[in-house]
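[1] Coordinates for the following, if possible.
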Amino acid sequence: MLQSFRTHKRLMMGIAMIFIVPSFVVTGIYSYNRMTADESLAEVGGESITVVDFDNAKRQYLDNLRRQMGTNFNPNMLDGQQARADILANLISERALGIEMAKDYVMVSEADAINMVKSAPTFQRDGKFSREAYEQFLHAVGKSDQLFVMELRRDMARELLLGGAANTAIVPTELAKRVHEMMTEERVVRMATITPAEFAKLVTVTDDEARAFYDANKSLFVVPESVDIEYVTLSPENFKDIKPSEDEVVGFYEQNLQRFTTAEQRRASHILVADKEAADKLFAELQSKPALFAQRAKELSKDPGSAKLGGDLGFFGKGMMVPEFETAVFTGKKGDLVAPVKTNFGYHIIRIDDIQAAKVKPLAEVRGEIEALYAQQAAMQAFAAEAETFSNMVYEQSDSLEPVATKFNLKPQVVKNVTRDFKDKTINGNVVEALFSFDVLSDKRNSNSIEIAHNTLLSARVTAHHPETTQTFEAVKDDIVARIKAQKSGAAAEEHGAKLVAQLQAGEKTNLKFGEAVSFSRQNPGEHSYQVVTAAMKPEGTKLPAFTGVMTDKGYVVFEVLNANVPTASAEDIAARKTELMRIFGRIDQKAYMDALEVKLEATVKDPNYLPPSAK
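    As a prediction, this is how the structure comes out:
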């Protein structure tokens, strides 16, 4: 049937349309889409969270992961049951917070959000807000200034609400002190390790033991079903050698002069005072005695940052100051003393100190940049134009990858032993699913074109199929014997070590050779594992020296715990530990608050496929 569909696909599509089109006529395209788009996955406070809401959130998470992980990004990393449940749980929490913020009128003003943007270190250059850096960020995340500020206001309001829950945690001083002592207590120990290798020659494994292990653990020796494959990929990289002509370089330069222009910058100094009368009086004085400007700024300005510099604000461009201030600076001339200008901060007496005119970089200076941009854009355009051809060819000429490889000069890649749970950044979950589909596995067809990353298409075919098999006893006997020997040797080392600890605790002498004394704490374990540190802390500090032991992956470790030292906690130590514990307790309180809020708003998940696996 599938072969008939491939051979007569136009006829089959025509037949299919006979049945599909009437459904649009009866229900309307809008209603047809709504059947899936408006499907409610969850409800919070009477509001639905739909499939569209979920898909939008998932897309945003994937975009963030793509930016963070680069070439390690796997587009299927959020396809699992737990990932779906986590995304929906976050949507429920956000919706619950939104409802509560609206009810309690928790809001952050636009001005506060803008001030946060301008003070964020990410957007600072030479200690001042950089509009260029901000615009680069907005371009990278694909958001407008208005949208980003709106989202920032929402996030800041959310933090206000959650902060009220988190900041109520109380940490008793005695608890902080005890935790600090527990974390910083140092133990001085000597250690001796009894390795399993010491007992390897003393243990034996019979054929009957090996056979019994094999019979009881056959699942350990199953070789899963796998396929050998070849695949080709198409991306803009396949078109990267496109070069622009001289006319195209010149045309791009002339059409994008603004891109290569450094905007006008002005340097100004100011004195900020609180009221207009004082400002007018100071302005009159400086008109007659301009040399006093720096001195008066240091004495009188309410802007502490610039006051210590004699009022100097350095160079800045448009968009970096409040509008009234910016207008005054950019409409004057170098050397002008500007009459008091009123802003939300007070009254400013401004002196225009210097002007750097806008500067256009010459073509010769930016030619390399233009050629690189052209090549990048041309590669993207060529890829977009040829992506459909690639997809059609691997489908229509599905018995081989050679035609598409020849057309686009692609080199097929080979991967062997791809199992059903095989995944990497190229052979991801969607590719694996296609490889084990009937068409590709049984009919030896090319897979459809699969997008494995942003602007990267892949088609694969199976070259060999290896069914699931169980290795014979004879093939794995040596491995089984080695496995049982290791288990017996480890058990013997643990048993012997425990006996030695008991002898030492009883005051008897042993032939153990301890190493040099070392010290460590829970806070500073050094190279020692959690098991080792925990075991060394086990004996009571008031009953030292003492002996103890623990089995580790390297063998049984016997400890002689010589002494314990508990540093005295200073007031600063206790304060720091309180802060740590408050953060921990605060997160717990936040979680409790969110749980209570969701119960209050009767949050429910309606589709069991979006619950955590354990909840099912």
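[2] Could you list the low-confidence segments of the stretch 501-616 of the chain?
    Along the stretch 501-616 of the chain, the parts satisfying pLDDT under 70 run over 615-616.
[3] what's the spacing between the strand or helix carrying residue 491 and its chain's center?
    In this assignment (DSSP states H and E), residue 491 forms part of helix 473-505. Put simply, helix 473-505 sits 43 Å off its chain's centre (Cα atoms, centre = their mean, to the nearest Å).
[4] For that helix, buried residues please.
    Neighbour-count burial for helix 473-505 flags 473, 476-477, 480-481, 483-485, 488-490, 492-494, 497-498, 500-501, 504 (criterion: 16 or more other Cβ atoms under 10 Å). All C-beta spots, glycine's among them, are computed from the backbone N, C-alpha and C.
[5] Same question for stretch 271-290.
    Of the residues in stretch 271-290, 271, 272, 273, 279, 282, 283, 286 count as buried by neighbour count, 16+ other Cβ under 10 Å.
[6] can I assume the fifth one sits in a strand?
    No. The secondary structure assignment for residue 282 gives helix rather than a strand, going by DSSP: H, G, I helix; E, B strand; the rest coil.
[7] Now it. Nearest residue, chain neighbours left out?
    Leaving aside its sequence neighbours, residue 282 sits nearest to residue 349 (Cβ to Cβ, 6 or more residues apart in numbering; 5.8 Å).
[8] helix, strand or coil for that neighbour?
    Relying on three-state DSSP, one would call residue 349 strand.
[9] And residue 410, by the same measure?
    Under three-state DSSP, residue 410 falls in the coil class.
[10] so it makes contact with residue 394?
    No. Using Cβ atoms under 8 Å, residue 410 and residue 394 do not qualify as a contacting pair, with a distance of 10.8 Å.
[11] sorry, back to before: other SSEs contacting the helix holding residue 491?
    Helices and strands touching helix 473-505, by 3 or more Cβ pairs under 8 Å, 6 or more residues apart in numbering; DSSP states H and E, are strand 186-194, helix 207-216, strand 546-552, strand 555-565.
[12] Residue 265: neighbouring residues, count only.
    Using other Cβ atoms under 10 Å as the criterion, residue 265 is surrounded by 17 other residues.
[13] Just grab the bridge partners of it for me.
    Going by DSSP bridges, residue 265 is paired in beta bridges with residue 356.
[14] Please tell me I have it right and it contacts residue 352.
    No. Residue 265 lies out of contact with residue 352 (Cβ under 8 Å); the separation is 11.9 Å.
[15] Just the strands from the stretch 301-450 of the chain, written as ranges.
    312-316, 337-343, 346-356, 359-360, 413-419, 450-453 (DSSP state E, counting those that start in this stretch).
[16] Could you dump these into JSON lines with distance to residue 296 and mean neighbour count added?
    Below are the strands of the stretch 301-450 of the chain laid out as JSON lines (distance: least, Cβ to Cβ, whole Å; neighbours: other Cβ atoms under 10 Å):
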{"stretch": "strand 312-316", "distance to residue 296": "13", "mean neighbour count": "18"}
{"stretch": "strand 337-343", "distance to residue 296": "12", "mean neighbour count": "17"}
{"stretch": "strand 346-356", "distance to residue 296": "8", "mean neighbour count": "20"}
{"stretch": "strand 359-360", "distance to residue 296": "34", "mean neighbour count": "12"}
{"stretch": "strand 413-419", "distance to residue 296": "73", "mean neighbour count": "15"}
{"stretch": "strand 450-453", "distance to residue 296": "61", "mean neighbour count": "18"}
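[17] Tell me which of the ones you listed sits nearest to residue 520.
    Residue 520 lies closest to strand 413-419 among the strands of the stretch 301-450 of the chain, at 42.7 Å (Cβ to Cβ).
[18] helices or strands up against that closest one?
    Counting contacts by 3+ Cβ pairs under 8 Å, 6+ apart, strand 413-419 packs against strand 226-234.
[19] Distance from the chain centre to the strand it packs on, please.
    Computed by Cα atoms, centre = their mean, the chain-centroid distance of strand 226-234 equals 29 Å.
[20] Rounded mean pLDDT for it, please.
    Across strand 226-234, pLDDT averages out at 96.
[21] contact partners of that strand?
    For strand 226-234, the surrounding residues in contact (Cβ atoms under 8 Å, 6 or more residues apart in numbering) are 383, 386-387, 390, 401, 404-405, 408, 410-419, 422, 426-427, 431, 435-436, 441, 452, 456-466.
[22] For the buried ones among the residues you listed, write the corresponding PyMOL selection.
    Applied in PyMOL, the following selects the buried portion of the contacts of strand 226-234 according to 16+ other Cβ under 10 Å:
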select buried, resi 383+386+387+390+401+404+405+408+410+412+415+418+419+422+426+427+431+435+436+441+452+456+457+458+459+460+461+462
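[23] you'd agree residue 473 is up against residue 213?
    No. Using Cβ under 8 Å, residue 473 makes no contact with residue 213, being 9.7 Å away.
[24] ok so, going back, select, from the buried residues of stretch 271-290, the two members most distant in space.
    The largest separation in the buried residues of stretch 271-290, counting by Cβ to Cβ, is between 272 and 286 at 13.8 Å.
[25] what are the ranges of the strands in the stretch 51-200 of the chain?
    Applying DSSP E, counting those that start in this stretch to the stretch 51-200 of the chain gives strands spanning 124-125, 128-129, 186-194.
[26] Point out the most buried one among those.
    Mean neighbour count (mean count of other Cβ atoms under 10 Å) peaks for strand 186-194 among the strands of the stretch 51-200 of the chain, with a mean of 20.
[27] got the CA coordinates for that strand in CSV?
    Output of strand 186-194 as CSV, limited to C-alpha atoms (Å, rounded to 0.1, in the frame of the first residue of the first chain):
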residue,chain,number,x,y,z
GLU,A,186,38.2,19.5,60.5
ARG,A,187,39.2,15.9,61.0
VAL,A,188,42.8,14.8,61.0
VAL,A,189,43.0,11.2,59.9
ARG,A,190,45.4,8.5,58.7
MET,A,191,44.0,6.0,56.1
ALA,A,192,44.8,2.6,54.8
THR,A,193,43.1,1.0,51.8
ILE,A,194,42.5,-2.7,51.4
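[28] Quick check: which helices or strands does that strand pack against?
    helix 473-505, strand 518-521, helix 530-536, strand 555-565.
[29] And these: which comes nearest residue 572?
    strand 518-521 (18.1 Å).
[30] And the closest one, what's buried?
    Within strand 518-521, the residues scored as buried using 16+ other Cβ under 10 Å are 520, 521.
[31] picking that back up, so the residue nearest to residue 282 sits right up against residue 281, yeah?
    No. In this structure, residue 349 is not within contact of residue 281 by Cβ under 8 Å, at 10.3 Å.
[32] sorry, back to before: want to throw the strands of the stretch 301-450 of the chain into a markdown table with mean pLDDT and distance to residue 560?
    A markdown table is the format used below for these (pLDDT from 0 to 100; distance: least, Cβ to Cβ, whole Å):
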| stretch | mean pLDDT | distance to residue 560 |
| --- | --- | --- |
| strand 312-316 | 88 | 65 |
| strand 337-343 | 92 | 72 |
| strand 346-356 | 93 | 71 |
| strand 359-360 | 86 | 74 |
| strand 413-419 | 95 | 49 |
| strand 450-453 | 89 | 56 |
